[in-house]
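Colleague: Sharing a sequence plus its predicted fold:
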Amino acid sequence: MAEYISGVITFSLIYVIATVGLAIFTGFTGLFSLGHAAFFAVGAYTASILTYFYDVNYYLALVAGTAMAAVVGVIIGYPTLRAKLRSDYFAIATLGFGEAIRVLLENLEITQGARGLPGIANETTLTVVVVATILVIWVARNFVYSRYGRAAIAVREDFVAAEMMGINLFQVRMLSLVFSAMTSGLAGGLFAHYVTFIQPGMFTAYLSTQLTASVVAGGMGSITGPVIAAVLFVAIPEALRVASMWRLVAYGFLLVAIMVFRPQGLFGYKEISLNSIRRLFRKEVA
């Protein structure tokens with residue numbers, strides 16, 4: 001039982017890592033992406049190939065997977081963001097990009113096609129995932145409160161006004177895209193070395209939709225909200241696995257309930273911090 005709970009927590013935190021990066025790109029910069037499963041897959045395959053075929057150190061492989069995802073992010077981001085694609089057009093472009101990556105992985109010899117890579121080293125532990133999650137959330141929080149984060153919020157609110165004020169739209173959007181790609185790549189590497197088997201069918205548009213749904217349901221202007229939503233969207237279906245198909249009904253019901261009763265998301269633009277907890281405690285004491 002303890003191992004099962006540890007596994008659910010590990011999976012939840014892996015998805016939290018990917019969701020936090022997407023929260024920066026979608027929630028704070030204002031561009032929707034439906035292709036982040038591609039960065040997840042790139043990180044997973046890069047790290048797995050290095051440890052599977054070349055016996056590279058696990059941690060170095062994670063760094064390489066994260067870096068490769070960042071490179072792929074630049075490759076897709078440069079032409080689309082230079083063209084200043086609007087939110088819906090950019091989402092369609094990323095959706096096509098995600099499917100292209102999946103098809104490419106199915107036809108490359110080194111990825112072993114649809115057969116996938118079985119027997120990947122089981123290196124990912126709960127401790128590693130917890131440390132990675134804390135690090136990613138810390139970097140994301142610092143980004144939000146930096147001048148780049150403020151610029152990203154300005155771009156989200158009104159990109160025309162932001163550009164007139166001298167903000168470089170391309171630079172801000174590219175920076176947030178690369179960061180979100182890196183977190184997805186890191187999550188992919190951790191995921192691959194936890195489940196010990198990957199194949200292209202694991203990285204479909206469903207994964208991208210799940211990440212985006214976590215951001216929207218958690219709150220478009222928050223980091224705390226998407227983190228909690230990602231945990232809920234992984235933990236609740238797992239807790240209801242004994243109910244077979246009804247667990248998917250519960251997942252859909254939870255998402256619809258959030259959209260109806262909290263259209264701004266679970267946290268909206270609010271965050272949970274030590275200062276907010278102290279203020280709440282003092283208020284209750286008073």
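Modeller: Perfect, I can see it now. Only a predicted model underlies this, so the values are computations on that prediction, with no experimental measurement involved.
Colleague: okay, CA-based contacts and neighbour counts for the rest of this
Modeller: Fine.
Colleague: neighbouring contacts of stretch 69-76?
Modeller: 39-40, 42-43, 94, 97, 174, 177-179, 181-182, 184-185 (CA atoms under 8 Å, 6 or more residues apart in numbering).
Colleague: Please repeat the previous calculation with a cut-off of 7 Å.
Modeller: The contact list for stretch 69-76, computed with CA atoms under 7 Å, 6 or more residues apart in numbering, reads 39, 42, 43, 177, 178, 181, 182, 185.
Colleague: quick one: contacts for residue 44?
Modeller: 65, 185, 188, 189, 191, 192.
Colleague: Most neighbours among the residues you listed, which one?
Modeller: Neighbour counts for the contacts of residue 44, by other CA atoms under 10 Å, peak at residue 185, which reaches 36 neighbours.
Colleague: Please give the element, helix or strand, for that residue.
Modeller: Secondary structure from DSSP states H and E places residue 185 in helix 169-195.
Colleague: tell me what that helix is packed against?
Modeller: helix 2-22, helix 36-53, helix 58-82, helix 147-157 (3 or more CA pairs under 7 Å, 6 or more residues apart in numbering; DSSP states H and E).
Colleague: got the CA coordinates for the shortest one in PDB?
Modeller: Right, helix 147-157. Output of helix 147-157 as PDB, limited to C-alpha atoms (Å, rounded to 0.1, in the frame of the first residue of the first chain):
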ATOM      1  CA  ARG A 147      11.100  41.900 -14.800                       C
ATOM      2  CA  TYR A 148      10.700  39.200 -17.400                       C
ATOM      3  CA  GLY A 149       7.700  37.900 -15.500                       C
ATOM      4  CA  ARG A 150       6.200  41.300 -15.200                       C
ATOM      5  CA  ALA A 151       6.700  41.800 -18.900                       C
ATOM      6  CA  ALA A 152       5.000  38.400 -19.600                       C
ATOM      7  CA  ILE A 153       2.000  39.500 -17.600                       C
ATOM      8  CA  ALA A 154       1.800  42.700 -19.500                       C
ATOM      9  CA  VAL A 155       2.000  40.800 -22.800                       C
ATOM     10  CA  ARG A 156      -0.900  38.500 -21.600                       C
ATOM     11  CA  GLU A 157      -3.100  41.400 -20.600                       C
END
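Colleague: List of residues touching the helix or strand just after it?
Modeller: Following helix 147-157 in sequence order, the next helix or strand is helix 159-164 (DSSP H and E). Contact partners of helix 159-164, identified using CA under 7 Å, 6+ apart, comprise 154, 155, 169.
Colleague: how far does helix 159-164 sit from the chain's center?
Modeller: 27 Å (CA atoms, centre = their mean, to the nearest Å).
Colleague: So what would you say the end-to-end distance of stretch 81-94 is?
Modeller: Terminal residues of stretch 81-94 lie 11 Å apart, using CA to CA, to the nearest Å.
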